[in-house]
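Novice: Quick one: sequence plus predicted model below, questions after.
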Amino acid sequence: MRIFVRVAEEGSFTAAAQRLDIATAAASRAVASLEAHLQARLLNRNTRRVVLTEAGERYLRRCEQILAYIDQAEAEAGNAQAQPSGRLRVHATTGFGQAYLVPAVMQYQKRYPSVSVELTLSQHFPDLLDEGYDVSLQLSSVELPDSGLISHVLGSVHSVLCAAPAYLREHGTPRNVAELAGHACLQLFTPVFPRDKWILEGSNGVETFLLPPATFQVNIAEALAGALREGVGIGALPMPAAVPALRNGSLLRVLPDYQLQKLTVYTMYASRQYLDAKIRTFVDFLKECIPQALAADDLALNLPDHGAQPG
């Protein structure tokens, strides 16, 4: 089509071939092949010039429209590699997404206002390709299996034991892992959080505490934090849920020398090849801001005034 349009514009196979930087014979063969395909004569030829037939005139108008659409489509596709724009679909787990990803998205959109972000927060791990996500943030206690996806480590989070000041005043503060057995232990269960035990890492190494039958279990860390603030027991809170409560004093750390359930934070996307600019810039932005936020909260968890005082 492009060769035919150029020949029609130039009125000559030779001139069109020179403009297209191809051989004159190649231009002639291309138009002849097009005519054979259409079963219609598009050009009348003589030794000096070519003239459009009536069918050729109609076909030329359509070709010009079609080629304009193709040029526009290619420009838009190519621009997607250079300029971030369009809809970006992102997934993250609920607690982590609320604490870290929502603020990150707001800052990203200030930098790239042409990108519209659709953020989904849920506790399940999606299939990026089947569910149509561009980027997913996942937390895992083990190395991710080989899935063909591209992943980057953004840092890590862990959990700490917390309780309300009122609970500790009434029931006392455990001084070691063994003394947890005398307390009401509230349980958080998620795909990455065991339901029957706490594996604590501290100055004495790794210690395992088998959880007694729980009076309360929940799969959302923020809900567990709310229950703990009511003064009904001790629970293990992931960093995103623990830090705000520790900062405002509604909860205190129990056994502050211990932490548990360390999880690596990954950002994942489908492929490096022809990576859309909105995905590339978003992943780069996450690699810039998420580690800083995690480091700040890790420091906040270990401030001395967050530890529980013995009851």
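Specialist: Yes, it's here. Numbering: from 1, shown residues only.

Novice: same for the longest helix seen in the chain, what does it pack against?
Specialist: When the chain is parsed with DSSP state H, its longest helix is helix 54-80. For helix 54-80, the packing partners by 3 or more Cβ pairs under 8 Å, 6 or more residues apart in numbering; DSSP states H and E come out as helix 2-10. To be clear about C-beta, it is placed using only N, CA and C from the backbone, and glycine gets the same treatment.

Novice: between the helix it packs on and helix 54-80, how big is the angle?
Specialist: 120 degrees (axes from the mean of the first three to the mean of the last three Cα atoms, to 10 degrees).

Novice: what's the angle from the next helix or strand after helix 2-10 to helix 2-10?
Specialist: Using DSSP states H and E, the helix or strand that follows helix 2-10 in sequence is helix 13-20. Compare the direction of helix 13-20 with that of helix 2-10 by the same axes, to 10 degrees and you get 120 degrees.

Novice: Show me which residues of helix 13-20 are buried.
Specialist: Of all the residues in helix 13-20, those buried under the rule 16 or more other Cβ atoms under 10 Å are 13, 15-17, 20.

Novice: Can you name every helix or strand that it contacts?
Specialist: Going by 3+ Cβ pairs under 8 Å, 6+ apart, helix 13-20 lies up against helix 2-10, helix 24-38.

Novice: Would you mind listing the buried residues in the longest helix of the chain?
Specialist: For helix 54-80, by 16+ other Cβ under 10 Å, it's 56, 59-60, 63, 80.

Novice: Specify the angle between the helix or strand just after that helix and helix 54-80 in degrees.
Specialist: Counting by DSSP H and E, the next helix or strand C-terminal to helix 54-80 is strand 86-92. Angle of strand 86-92 versus helix 54-80, following the same axes, to 10 degrees, is 40 degrees.

Novice: Over the longest helix of the chain, what's the mean pLDDT, rounded is fine.
Specialist: Averaged over helix 54-80, pLDDT sits at 80.

Novice: again with stretch 115-122
Specialist: Here the average pLDDT along stretch 115-122 is 92.

Novice: cool, stretch 41-51 as well?
Specialist: 84.

Novice: Compute the first-to-last residue distance for that stretch.
Specialist: Terminal residues of stretch 41-51 are spaced 11 Å apart (Cα to Cα, to the nearest Å).
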